[in-house]
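S.K.: Let's see this in three dimensions:
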Amino acid sequence: MNILNNLIIKDYCKLMIDIKSFIHNKFIKSLQSYKNILDSTCLIVAVSGGQDSMCLIKLLKDYKKLYKWNIKIINFNHNWRQDSYLNSKAINNISLRWGFQFIYFTKYIQNETAARKWRYNKLVQLAKDLDINYILTAHTATDKIETSIYNFIRGSGFEGITSLNYYQKINTKINIIRPLVYTTRDETIWFCRKFYMPIWSDITNYSYNIKRNRIRQELIPYISKYFNNKFNKNFTHFLNIINKEVEYLQNKSNYFYNISKHKKHTAINRILIGKLPLVLQRRIIRIFIYKKTKNKLNLMKTDYIIDKYTATFHKEYYRTEIDRNWFLVKRLNWIYLVNKIN
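M.R.: A predicted model of the protein is given here:
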């Protein structure tokens, strides 16, 4: 009976795709790679009212009945514009019309980076409180390119350059999914026009005080015009190559991290780690510290720790503060992570 039901669902799903658009096809094929999302009964979706997020909730609405999703629309208002409240009210009206639950957060935060971090923390906390496993955002392939360039300019490593991926695991339960990351902004605006979706134009997207806007409005068009008119396509291909290599290095790092762990204490074997290539040493140190403290070390701090803690010619005992609660201790063959409270 279950097999029959699955076949009926697949046929119906294919029919829906054929009737609608190639973006429906992209969307559902990407979700089918992560079957747990399709089986999930409840989803959190961040919606701003712009073309990308309106495209996403239209797609979710079209498949809502098929997969029996309970969708919670989350909207954030930083009061940056005079029409911010009206923007949120419009999203609330669409949510009510389509049978979505609307959840609204407001807080004035002037700095864009701080505001992004606040929104992220709110989404994760809400997922924990409601016991929901999946958070969906409307980041597109265009956003991925912009974020990669922005992080590259800031001096990020490969992980930072390839950070905006389709799937991001937050912890053992919560995951962020970006179903439109294979779709461009040109395609989402086409989609919204085709289905007469209301779009709320955000004037802050055109403010050059925000560095990402300069990348979007000036840098990428300049490169595309004067250096490579297929820049977006080629750069996306480049990011996909790097992403596969980062995945491989991360898997290797996790393997060596697990075999270097102390059986009883929060510690790793510095002699074993010191014999590995530097690219793996860096990742193992970051994994070790992040798993316990949730601190993400920058490259300079990571290399300092490697130099002081894995080299055999340095003194046998060494101590370094990680933050107000944690410090590292080198003793004999081990690097210990110690809580100051204890």
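S.K.: tell me the pLDDT at the closest residue to residue 36 other than its chain neighbours?
M.R.: Once flanking residues are discounted, residue 36 sits nearest to residue 133: 7.4 Å by Cβ to Cβ, 6 or more residues apart in numbering. C-beta: built from backbone N, CA, C; applies to glycine. With respect to pLDDT, residue 133 has a value of 93.
S.K.: and if you look at residue 316?
M.R.: 65.
S.K.: Now do stretch 100-119: distance from first to last residue.
M.R.: End-to-end distance of stretch 100-119 (Cα to Cα, to the nearest Å): 20 Å.
S.K.: got a list of contacts for it?
M.R.: With Cβ atoms under 8 Å, 6 or more residues apart in numbering as the contact definition, stretch 100-119 has outside contacts at 45-46, 57, 61, 70-79, 88, 91-92, 94-96, 122, 126, 210, 212.
S.K.: Buried residues, it. List them.
M.R.: 100, 102, 103, 109, 112, 115, 118, 119 (16 or more other Cβ atoms under 10 Å).
S.K.: again with stretch 335-342
M.R.: 335, 336, 337, 338.
S.K.: pLDDT of it, averaged?
M.R.: For stretch 335-342, the mean pLDDT works out to 83.
S.K.: same question, stretch 212-219
M.R.: What stretch 212-219 shows for mean pLDDT is 93.
S.K.: if we can go back for a sec, please pick the buried ones from the contacts of stretch 100-119.
M.R.: 45-46, 57, 61, 71-78, 88, 91-92, 94-95, 122, 126.
S.K.: Among those residues, which ones are in strands?
M.R.: Cross-referencing the buried ones among the contacts of stretch 100-119 against strands under DSSP state E gives 45, 46, 71, 72, 73, 74, 75, 76, 77.
S.K.: Widest-spaced pair of the residues you listed?
M.R.: Farthest pair in those (Cβ to Cβ) is 71 and 77. Separation: 19.7 Å.
S.K.: related to what we said a few turns ago, identify, from the ones in strands among the buried ones among the contacts of stretch 100-119, the entry nearest to residue 267.
M.R.: residue 46 (38.9 Å).
S.K.: Against residue 57, how distant is that closest one?
M.R.: According to Cβ to Cβ, to the nearest Å, residue 46 stands 10 Å off from residue 57.
S.K.: now the biggest helix by length in the chain: mean pLDDT?
M.R.: As assigned by DSSP state H, the longest helix anywhere in the chain is helix 231-260. For helix 231-260, mean pLDDT is 94.
S.K.: buried sites along the helix or strand following it?
M.R.: Where DSSP states H and E defines the elements, the next helix or strand beyond helix 231-260 is strand 267-269. Across strand 267-269, burial judged by 16+ other Cβ under 10 Å covers 267, 268, 269.
S.K.: Closest one of those residues to residue 84?
M.R.: Closest approach between those and residue 84, by Cβ to Cβ: residue 268, at 47.9 Å.
S.K.: OK, contacts around that closest one?
M.R.: By Cβ under 8 Å, 6+ apart, the contact set of residue 268 is 257, 260, 261, 262, 284, 288, 334, 335.
S.K.: Drop anything exposed from those.
M.R.: For the contacts of residue 268, buried by 16+ other Cβ under 10 Å: 257, 260, 284, 288, 334, 335.
S.K.: beta partners of the closest residue in space to the fifth one that isn't next to it in sequence?
M.R.: What it means is residue 334. The spatial neighbour of residue 334 that comes closest, neighbours along the chain excluded (Cβ to Cβ, 6+ apart), is residue 267 at 4.4 Å. Counting by DSSP bridges, residue 267 is bridged to residue 336.
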